[in-house]
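**Q** 3D model of this:
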Amino acid sequence: MHPASPPPDRSGLDALLRNRPFLALWTGQLLAQVADKIFYVLLIILLKTGDYRPWPVSWQHSENSMLSAVMIAYTVPAIVFGSAAGIVVDRFSKKQMLIACNVIRAALIVALPFLPKAFVVLLTMTFLISTVTQFFAPAEQAAIPLTVGREGLMSANALFASSTMGGIIVGMTIGEPLFSWVKHSFGAASQEFLLGGLYLISAALIYTMRIKEAHAGSSGKNVHPWQDLKEGLRYLKHNHLVSNAMVQLTILYSVFAALQVLAIALSGKIGLKETQFGFLLAAAGVGMVFGAAFLGHWGHRMHHKPLPLIGFLMMGFVLAMFAFTRQLWVGFGLSALFGFGASLINGPMQALIQEKTPESMQGKVFGLENNAINIALSLPLALTGPLTDAVSQAVGSDDLGLRIVLLSLGFLVSVMGMAAWKHTRKVLQDVL
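**A** Numbering: from 1, shown residues only. Coordinates of the predicted model:
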């Protein structure tokens, strides 16, 4: 892999911000992340105000059933096509794949106002758009090493992780007011045109990215998906460095998913409205930015330090302290510390996967990683809420139930972090 524009004898965030190919990829990815979350908001708006005819007819008065069906159509491709997308990414130029994903998503979204107002149509388009999105993630991860040198991988991944969180928060926050303003000013179809425009701008930014790819433009012929998938699994089985790093990331995203659910109830305990839980998650994003800065400037001095273990212990401590937090500024501070700890796991582990995976295998590996992470995100999102309700009912108090869940989760995260590090330290300690 050859960086297109290596920074002159400098490392860290300063080098990244002077690296034009990286900036093009980073800003394009950030805009695509915001667009993804705004699309999620648009789906809810269209269901509530778009007059889509229900299907089947028995859902005539079951808005919740329609919403659930759309959410399933939105999430299923991440689990079904995550690995397959990585196989395809290995066969084509990463840059072309990123641009194509954005252009296709833009075309599908812009086509929505001109299609029949039938629920099955919205369901199909949601499934197609989400499927295309699965090809964007592994191509993006595989493109990062092509824009930065080996010394920049850790800070680059920390910055990507923090901007991903920022994109989620910004998209969820501005989606509804932005669509309301656009619809009022320019008409109903303007919502879809605005969202399609965001994807096209992202594609244009990535188009300006100049990188060298060893397999750019390789033919997609003679593709054997099942053999390629087995090859990726075989690689992970024999490369303990990469597979163990992936385990650490899977645990990390599971914990983050649980926090997203608990943040709703927790925000009401520290002085916010429950609908303002995004501010608590935003504080975690700020912590991840500081974590990116820390790794960028001092990460090279932290070799042979158990950064993932420190990160897990920090996150476990924060979750336990949340159980006793009732002051707003303390809640924000703890959330920022949570994000900082997450950076100590995500940055080093993602950098290791990118550094140690050959370019010809990156799509397969990142596809499998994307698949594992999506499953890790789905399970806590589905289980944390009902578990908290069950505990609260058992003890007869919502406040006490939330405390028990937070304390238990904090303890579990710490134990899982120590167990994961004990299992992987012989593989990881020499390269961290």
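
**Q** what is the mean pLDDT for stretch 414-426?
**A** Averaged across stretch 414-426, pLDDT comes to 76.

**Q** how near is residue 415 to residue 127?
**A** To residue 127, residue 415 is 38 Å away according to CB to CB, to the nearest Å. Backbone N, C-alpha and C define where each C-beta goes, glycine included.

**Q** Counting neighbours, go ahead and name the busier of the two.
**A** More crowded of residue 415 and residue 127, by other CB atoms under 10 Å: residue 127, with 17 against 12.

**Q** got a list of what that one touches?
**A** 73, 74, 76, 77 (CB atoms under 8 Å, 6 or more residues apart in numbering).

**Q** Could you tell me how far whichever helix or strand it is part of lies from the centre of the chain?
**A** Using DSSP states H and E, residue 127 sits within helix 119-147. Offset of helix 119-147 from its chain centre (CA atoms, centre = their mean, to the nearest Å): 12 Å.

**Q** circling back: who wins on neighbours among the contacts of residue 127?
**A** residue 77 (22 neighbours).

**Q** so what pLDDT did that one get?
**A** 84.

**Q** hmm, back to that, go through the contacts of residue 127 and flag which are in helices.
**A** The members of the contacts of residue 127 that map onto helices under DSSP state H are 73, 74, 76, 77.

**Q** For residue 182, state which of those residues is nearest.
**A** Ranked by distance to residue 182 (CB to CB), these are led by residue 74 at 21.9 Å.

**Q** what's the closest non-adjacent residue to the closest one?
**A** Among residues not flanking residue 74 along the chain, residue 130 sits closest, at 5.0 Å (CB to CB, 6 or more residues apart in numbering).

**Q** wait, the one you found sits on residue 71?
**A** No: here residue 130 does not reach residue 71: they are 10.3 Å apart, not a contact under CB atoms under 8 Å.

**Q** which of the two has more neighbours?
**A** Higher neighbour count among residue 130 and residue 71: residue 130, with 21 against 14, using other CB under 10 Å.

**Q** contacting residues around residue 17?
**A** Contacts of residue 17 (CB under 8 Å, 6+ apart): residue 23.

**Q** Next one: it relative to residue 208, how far apart?
**A** From residue 17 to residue 208 the distance is 16 Å (CB to CB).

**Q** likewise residue 156?
**A** 18 Å.

**Q** Residue 241 too?
**A** Counting by CB to CB - residue 241 and residue 208 are separated by 34 Å.

**Q** Show me which of these two is the more surrounded one.
**A** residue 241 (17 against 13).

**Q** Downstream of the helix or strand hosting residue 285, the next helix or strand is which one?
**A** Using DSSP H and E, the element containing residue 285 is helix 277-298. Going down the chain from helix 277-298, the next helix or strand is helix 307-322, by DSSP H and E.

**Q** list the helices and strands that next one packs on?
**A** If you count contacts as 3 or more CB pairs under 8 Å, 6 or more residues apart in numbering; DSSP states H and E, helix 307-322 packs onto helix 240-269, helix 328-356, helix 398-428.

**Q** Just the buried residues of the helix or strand following the shortest one, please?
**A** The reference is to helix 328-356. Following the chain from helix 328-356 toward its C-terminal end, the next helix or strand by DSSP H and E is helix 362-395. For helix 362-395, burial by neighbour count (16 or more other CB atoms under 10 Å) applies to 362-374, 376-378, 380, 384, 387-388, 391-392.

**Q** can the helices and strands packed on helix 307-322 go into JSON lines with extra columns for distance to residue 114?
**A** Formatted as JSON lines, the helices and strands packed on helix 307-322 follow (distance: least, CB to CB, whole Å):
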{"stretch": "helix 240-269", "distance to residue 114": "35"}
{"stretch": "helix 328-356", "distance to residue 114": "40"}
{"stretch": "helix 398-428", "distance to residue 114": "47"}
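
**Q** Can you say which of these is packed in most?
**A** Of all the helices and strands packed on helix 307-322, helix 328-356 has the most neighbours on average by mean count of other CB atoms under 10 Å, namely a mean of 24.

**Q** Against which helices or strands is that one packed?
**A** Counting by 3+ CB pairs under 8 Å, 6+ apart, helix 328-356 packs on helix 119-147, helix 153-186, helix 240-269, helix 277-298, helix 307-322, helix 362-395.

**Q** how about the ones you listed in JSON lines, adding distance to residue 354 and mean pLDDT?
**A** Formatted as JSON lines, the helices and strands packed on helix 328-356 follow (distance: least, CB to CB, whole Å; pLDDT from 0 to 100):
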{"stretch": "helix 119-147", "distance to residue 354": "5", "mean pLDDT": "88"}
{"stretch": "helix 153-186", "distance to residue 354": "6", "mean pLDDT": "76"}
{"stretch": "helix 240-269", "distance to residue 354": "10", "mean pLDDT": "82"}
{"stretch": "helix 277-298", "distance to residue 354": "14", "mean pLDDT": "78"}
{"stretch": "helix 307-322", "distance to residue 354": "16", "mean pLDDT": "92"}
{"stretch": "helix 362-395", "distance to residue 354": "7", "mean pLDDT": "76"}
